[in-house]
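Peer 1: For reference, the sequence and a predicted model appear below.
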Amino acid sequence: MAMNADGVHCPWCGLAIERAEQGRCPHCGAALQSPERGTYALVEEPPTPAREPADPPTPQPRRAIRDFASRFFHESARRDTVLAAEIVALLALSLADLLTTHHLLRTHPKFYESNPIARLIFIRWNIAGMAIFKFSVVAFVVTVGEVVERKRPGLGRFVILTGCAASALVVAHGLRLAFGEVLAD
């Protein structure tokens, strides 16, 4: 019986087994034996289906939710993040960018948002809309970075670090404008 991070799985059907009832897999009916505590091995081929298949037992609500989640989300999507430090850096730089932009737009009338999409969002929904727009873009970059990192290690890190570099340049430019304006007054 194969064991992984999710627990014990049936060697025939591959579904998770919480407990084997009467030495059989509750999903496919394959005969199992337990040579060691917590592991199961396949004893014989699973039974061939009868002429009229029996109705499967109704799953308990908790098991049904867990089974739905395991089918809905790919195994790699259930793993922990592999780029936690880079994601935190991107979030911090994006927050600094948002605060710097808000400060410039609120206190200095000669400054404007140069991104036309962000400008329209700011005009319509003010800083709350810009925050939603900004962090939606960040969520997209983080998602792309995580997915790419799992397929091609190193490339996802590059994607997120490129986002960090772009955010850092925008923050530095905003601070330069803010401090330049303060010094000019």
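Peer 2: Thanks, I have it.

Peer 1: buried ones in the longest helix that the chain contains?
Peer 2: Using DSSP state H to assign secondary structure, the helix with the most residues in the chain is helix 116-151. Along helix 116-151, these residues count as buried under the neighbour rule (16 or more other CB atoms under 10 Å): 118, 121-122, 127, 130-131, 133-134, 138, 141-142, 145-146, 148-149. C-beta coordinates here come from the backbone N, C-alpha and C atoms, glycine included.

Peer 1: Kindly report the same for stretch 159-176.
Peer 2: Using 16+ other CB under 10 Å as the test for burial, stretch 159-176 gives 159-160, 163-164, 167, 170-171, 174.

Peer 1: which residues of this structure score low on pLDDT?
Peer 2: With pLDDT under 70 as the threshold, the chain has low-confidence stretches at 1-9, 11-14, 17-24, 26-79, 181-185.

Peer 1: Which stretches in it count as helices?
Peer 2: With DSSP H as the criterion, the chain has helices spanning 61-72, 84-107, 116-151, 155-184.

Peer 1: Format those as TSV; extra columns: distance to residue 10.
Peer 2: Supplementary listing: those in TSV, determined by distance: least, CB to CB, whole Å:
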stretch	distance to residue 10
helix 61-72	13
helix 84-107	33
helix 116-151	26
helix 155-184	33
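
Peer 1: Give the other helices and strands that the longest helix of the chain contacts.
Peer 2: Contact analysis of helix 116-151 by 3 or more CB pairs under 8 Å, 6 or more residues apart in numbering; DSSP states H and E lists helix 84-107, helix 155-184 as its packing neighbours.

Peer 1: Now do the contacts for the nearest residue to residue 149 once chain neighbours are set aside.
Peer 2: The spatial neighbour of residue 149 that comes closest, neighbours along the chain excluded (CB to CB, 6 or more residues apart in numbering), is residue 156 at 2.6 Å. Under the criterion of CB atoms under 8 Å, 6 or more residues apart in numbering, the contact list for residue 156 reads 82-83, 144-150.

Peer 1: and what of residue 124?
Peer 2: No contacts exist for residue 124 under CB under 8 Å, 6+ apart.

Peer 1: With the one 10 residues further on instead?
Peer 2: With contact taken as CB under 8 Å, 6+ apart, residue 134 is in contact with 94, 97-98, 118.

Peer 1: Return the closest of these with respect to residue 25.
Peer 2: For the contacts of residue 134, the minimum distance to residue 25 (CB to CB) is 47.9 Å, reached by residue 94.

Peer 1: Would you mind confirming that the closest one is in contact with residue 136?
Peer 2: No: counting by CB atoms under 8 Å, no contact exists between residue 94 and residue 136, whose distance comes to 10.8 Å.
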